[in-house]
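1. My questions are about this predicted structure, shown below with the sequence.
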Amino acid sequence: MSASVSETTTPITRTDDVVSKILGLTADSPVVALRADRPAQIDDLQAYYDSLFSPDPASDAAFPVHDRALVAIRVAAHTGSDAVVAWYEGVAREHGATDAEISAARDIATPNTDDTTLGAAMRRADLVTTRLVDTTKADVDALKAAYRGRFGSELLADLESELSGKELQQAKFLLRLAPSPGMERVADELTSMVGQQATWTPSGPGSGNTFESWASASSEGTAPALSTVTSINCWEMVLLAAYRTGLLSWQWIHDQYTAHTADWFDHMVGMLSRGSRIRYRAGAPAGRKPLRGDIVFMDGMAHVALATGNVDGAGRAEVISFWPPPNTPFTRGGTIDSVKVTTIEELSDWWAANMPPAPVVELAAPPWS
């Protein structure tokens, strides 16, 4: 981090945001110092929290803070976040929640079957938090129907009338109707790299390629520049784009490349997925289509690309990819290739023909979403 950047960011002693309060962070905490390198993220998270739990009267009437806090308890209970559960229990009690309601929210083993907006939101939280791959169009329709039945209006239309800017985009992201701002930024950066060349090589801890050497070094150096003498692989190109935007730190990348795990590639799939993954199927309904900036896994880490959010004239889902297929032959020792726009279908077809069977393709929101 350069001096010019550190001199203009929020002081590292900042502990007045909700994340610091939930975790009980003090000014001398190393976590506070690390978070201070990303002041915009702190502000964005705080603004999003405030929009949910300090809403205007109309928004509160539509879905009360009492109910929002109970849903938050449910999500935190699924993830085993005791400090977060305790925080939202306090919020819920401040807004009149009873011990019985809080206990029911924490009881993730028992589905909420209430025919209410809160019940629908609880069921949606269960699916999104633990089994996003099982979420169906019917589940989303049930949530919308519960909202329509209670308020006589459409959820999306009300969101668009009540929210704007980042708040609206984040709400749509949670419904998988739009990418998050972070997803947009990384997709834009990777798009700007389309056409630039580098040498593709396989990678992972100890591979010795240019990116892995930078990632595994004892301290942060200058990030690899794209050229034919730079060796890098598919997911590393995505990580490089995220690093360039400032949404992913070198330390995060370094920690992954130096992690000691039984299966590093499974570890990386988990680290690159914010929440559960969705099985890709061509022609999927809204909510299950690739969003701009989604991570696209093909047989896990065997190939990783980034979705553009677009389809081509044949209806195929576009991705930005750095991998020789489907149109560049492999060269022993490393293949000079360009960052390119292709489609999931073209890559899958090449895979089925040359490395059968066809790959399992999954989508995930990235850690910077």
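-> That came through, no problem.

2. contacts, neighbours, all on C-alpha from now
-> Noted.

3. pLDDT value on the closest residue to Thr258 other than its chain neighbours, please?
-> Closest residue to Thr258 apart from its sequence neighbours, by Cα to Cα, 6 or more residues apart in numbering: Ser216 at 6.3 Å. According to the prediction, Ser216 has pLDDT 97.

4. ok, Ser216 to Ile320 distance?
-> Distance check for Ser216 against Ile320: by Cα to Cα, to the nearest Å, it reads 25 Å.

5. For the two, indicate the residue with more neighbours.
-> Taking other Cα atoms under 10 Å, Ser216 and Ile320 do not tie; Ile320 has more neighbours (26 against 21).

6. residue ranges with poor pLDDT in this protein?
-> Under the criterion of pLDDT under 70, the regions of the chain flagged as low confidence span 1-14, 37, 128-144, 146-156, 158-159, 161-163, 166-167, 169-175, 285-287.

7. Could you name whichever residue is most remote from the centre of it?
-> Arg332 (34.6 Å; Cα atoms, centre = their mean).

8. measure it to Thr230 for me?
-> Taken as Cα to Cα, the span from Arg332 to Thr230 is 16 Å.

9. try Ala358
-> When Ala358 is compared with Thr230 (using Cα to Cα), they lie 30 Å apart.

10. Then Pro356?
-> Taking Cα to Cα, one finds Pro356 at 30 Å from Thr230.

11. who has more neighbours, these two?
-> Comparing Pro356 with Thr230 by other Cα under 10 Å, the one with more neighbours is Thr230, at 18 against 11.

12. The top strand by length along the chain pairs with which strands?
-> When every strand of the chain is counted residue by residue (DSSP state E), the longest turns out to be strand 303-311. Neighbouring strands of strand 303-311 in its sheet, by DSSP bridges, are strand 295-298 (antiparallel), strand 317-321 (antiparallel).

13. quick one: which of those strands is nearest Ala157?
-> Taking Cα to Cα as the criterion, Ala157 comes closest to strand 317-321 out of the strands paired with strand 303-311, the separation being 26.8 Å.

14. got the contact list for the closest one?
-> Around strand 317-321, the neighbours that count as contacts under Cα atoms under 8 Å, 6 or more residues apart in numbering are 190-191, 194, 234, 282, 290, 296, 304-312, 339-345.

15. chain center to that strand: distance?
-> Here the centre of mass of C-alpha atoms in strand 317-321, compared against the chain's by Cα atoms, centre = their mean, to the nearest Å, lies 17 Å away.

16. what element comes up after that strand heading to the C-terminus?
-> Counting by DSSP states H and E, the next helix or strand C-terminal to strand 317-321 is strand 335-338.
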